[in-house]
Structures are given as structure tokens and as C-alpha cells.
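Enquirer: Pasting the sequence and the predicted model now:
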Amino acid sequence: MHSKTESDDQRPFTGLALEVIGREGSVAFVRDGEVVQSTDLPSEVRATASLTPALESLLASVNTAASDAETSRDESSMPTQTSRPDFIAVADGPGSFTGLRIAAATAKTLAYAWGIPVVTLDSLSVWAAAVLPTGSTETANSDSDMPRVGQQMIVGLDAYRGQTFVGAFVATEAGWQSDKEIELLDRADWLRTLESASSGTWLTGDAIKPGLPTENLRVVDRKQTLASALAKLAHQKYLAGQTTDPMEVLPRYFRPSAAEEKAASSK
């Protein structure tokens, strides 16, 4: 457990979050559970080229803001440490094969260099958290922005090749709770899942496309970057001591690659 000690009270816990779940990605910086800054990676540039510059820009911005804040404080005030976060958070899958590899390798490299742990979360849990408004419930535009306890939600991520990664969640006082294991469904099973869902079930994810049977469901959009949602979830796991050694961080694909499937079918 990473409960605060007397020395820890002199500064907040901070974390750096990164994800490349789909074709694009995002990064965020969190301080004591509150997202300080977050940005999406540019859509016109591949994540292989844009992730590291985005992280450098984010850290530079956060450190500049912290430095400015420190110079305005009394000499008796405690400094704020932001140059090296306490943990790095990464979405480890499922998602884009290339994106997951880039994100995992970057998180592993930075965490090892800084001597800090990594917090991993699955991509569907991150998507689920991203449909909630940032901050407290008071920031919601209306009561409908917040799910009631017991509300069900389906998250669908495009797995390509006519398949969908599917997760089921139920709302609790503490947030969304996974209701079953992540599934990889073909189109027929995906359609059956949507058709059999209870009326009013929330639905989100990049697999939600026109033509799906969603008439009785409530399609909800993200209200924050995926990295912001990841950062806040990871902060909770970090405080609970649920961290991973950097050298043990690996992407979880939840399926073989196209090349592996082709090789297996030819045997």
C-alpha cells in the first residue's frame, strides 16, 4: 500500500499516463488523483513518431507550471516535485498491435530509467471510465451524465477483421466494475450481444458504427481523453499497491496477430 507518510505529505503523488489503444493515443499527468494536463496525440502523425514528443511537451509544461508556482510561494512552503513522477500508467490491451507495443515499450523504458513502478489497466476499463465527466459529480452537465448504481454498460472496441473486443460493466458507488471477462466476438455474436442487451444499457467504444441494432440502448461518448481516465484509475491502483515491475510490462493482445493466424491455418 502506498499510503502517505509524514514525508510524503510534503508533496503530492504524481503519475504519467499514456495510451495508444487505437490508431491514435493520448497522454496525461495526474497529481493526487486530479488530472493536471492531458492531450491527444496528433491524428495526422503516427504514434511511433508522436508519442515521445507529446510526453516531453507534457512534462515540460507541467514542470514549468510547477516551477512558476514554487517561485510565488513563501520560503517556508514545501516544493512540488514533478520532474519525476511516482508511477507511469499504461493501457496494456486489447487494441492496436503496434500501438500497444509502442505504449508498453515507452512505459517500460521510462519507468526503468526513473526507477519507478508501472500501473497497467485494460483498455476497455479505461474506455468505460472515460464516459464519465472529469472531476466530481458536480461537474456533470445533467443527472443523465452520471450512471445510477446498477446501470449496465457495454464497451466495444474495433478488433478489425470483422471482430470486436467486448467488455461488460456495471456502475457501483466506486465507478464502473467489470461484469465479465473481455471477449473477442465475430460480427454475428456482436450483433446478438447488442440485440439481447437490456433496454437502456449504455454503449460506448470505437466499434459503435452506423447500422448496429442500438435502438433500445443509450450510446454515450467519451467526456475526457482516454489518458485522463487511465491516469485517475491508475492513481487509485498505485495507492493500493497494485503496481508492476517495469521489466514485466507486456502488451496483452487477447488474440494472435494476422500473421500468426495465417501461419496456424496453413499447418
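Expert: Sure thing, it's come through.

Enquirer: Could you check how far residue 248 is from residue 227?
Expert: Noted for residue 248: a distance of 22 Å to residue 227, by CB to CB, to the nearest Å. In short, each C-beta sits where N, CA and C put it, glycine included.

Enquirer: Looking only at neighbour counts, state which of these two leads.
Expert: For the pair residue 248 and residue 227, the greater number of neighbours falls to residue 227 (34 against 9), based on other CB atoms under 10 Å.

Enquirer: Residue 41 is in contact with that one, correct?
Expert: No: with contacts counted by CB atoms under 8 Å, residue 227 stays clear of residue 41, the gap being 9.3 Å.

Enquirer: which residues do those two both contact?
Expert: Shared contacts of residue 227 and residue 41 (CB atoms under 8 Å, 6 or more residues apart in numbering): 25-27.

Enquirer: Check whether residue 215 sits in a helix, strand or coil.
Expert: coil (DSSP: H, G, I helix; E, B strand; the rest coil).

Enquirer: Buried ones in the lengthiest helix in the chain, by neighbour count?
Expert: With secondary structure taken from DSSP state H, the chain has its longest helix at helix 47-71. Of the residues in helix 47-71, 47, 50-51, 54-55, 58-59, 62, 66 count as buried by neighbour count, 16 or more other CB atoms under 10 Å.

Enquirer: what do you get for stretch 174-181?
Expert: 175-176.

Enquirer: Now do that stretch: everything it contacts.
Expert: 124-125, 128-129, 132, 147, 152-153, 167-171, 233.

Enquirer: Point out where this structure drops to low pLDDT.
Expert: 1-10, 65-83, 135-143, 257-267 (pLDDT under 70).

Enquirer: Do a quick rundown of the strands in it.
Expert: Taking DSSP state E to define them, one finds strands in the chain at 14-19, 26-31, 34-40, 87-91, 118-121, 152-160, 163-172, 175-178, 183-186, 202-204, 218-219.

Enquirer: which of those strands is buried the deepest?
Expert: With neighbours taken as mean count of other CB atoms under 10 Å, the strands of the chain reach their highest mean count in strand 87-91, at a mean of 30.

Enquirer: can I get the strands of the chain in TSV with distance to residue 97?
Expert: TSV is the format used below for the strands of the chain (distance: least, CB to CB, whole Å):
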stretch	distance to residue 97
strand 14-19	14
strand 26-31	18
strand 34-40	20
strand 87-91	14
strand 118-121	17
strand 152-160	10
strand 163-172	13
strand 175-178	23
strand 183-186	14
strand 202-204	22
strand 218-219	27
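
Enquirer: Nice, that's everything, thank you.
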